[in-house]
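A.B. asks: 3D, please:
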Amino acid sequence: MSDSAPSLGAGDVQTLIVADEAHTKAMARYRKADEDRRAKDEAAYEEAQLRRALDMKVQCTFCGSEFGKVCRATGKGPGRLHTRRVAR
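C.D. replies: Prediction:
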């Protein structure tokens, strides 16, 4: 019994080449679909964040007035030191 690997015929080599090309194309399609899905998910996430930010307003933590106005409770402002973001 010899330790040499069995020799492949010309048909076997061609079959392996075709199978490798098919696998390479399938993996390229898979990667493309994965990239497209990730881009779509990222765009949806960014849109959701933007919508959430637009639905928020900056409000004074003491008196409830909107950002940019003088606080009715402390007389301070307009400033960000005593403000918070709240849903509209």
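A.B. asks: which SSE is R51 in?
C.D. replies: In the assignment (DSSP states H and E), R51 maps to helix 10-54.
A.B. asks: tell me what that helix is packed against?
C.D. replies: Judged by 3 or more Cβ pairs under 8 Å, 6 or more residues apart in numbering; DSSP states H and E, helix 10-54 has no packing partners among the helices and strands. Glycine gets a C-beta too; all of them are placed from N, C-alpha and C.
A.B. asks: for it, give the mean pLDDT please.
C.D. replies: On average, the pLDDT along helix 10-54 is 88.
A.B. asks: how is this structure partitioned into domains?
C.D. replies: 10-54, 56-88 (automatic domain parsing).
A.B. asks: against R72, how distant is Q14?
C.D. replies: Going from Q14 to R72 by Cβ to Cβ, to the nearest Å gives 84 Å.
A.B. asks: next, count neighbours for G75.
C.D. replies: 8 (other Cβ atoms under 10 Å).
A.B. asks: cool, and R51?
C.D. replies: A total of 10 residues lie near R51 under the criterion other Cβ under 10 Å.
A.B. asks: how about the contacts made by it?
C.D. replies: If you count contacts by Cβ atoms under 8 Å, 6 or more residues apart in numbering, R51 has none.
A.B. asks: now T74, what's its secondary structure?
C.D. replies: Assigned with DSSP: H, G, I helix; E, B strand; the rest coil, T74 falls in the coil class.
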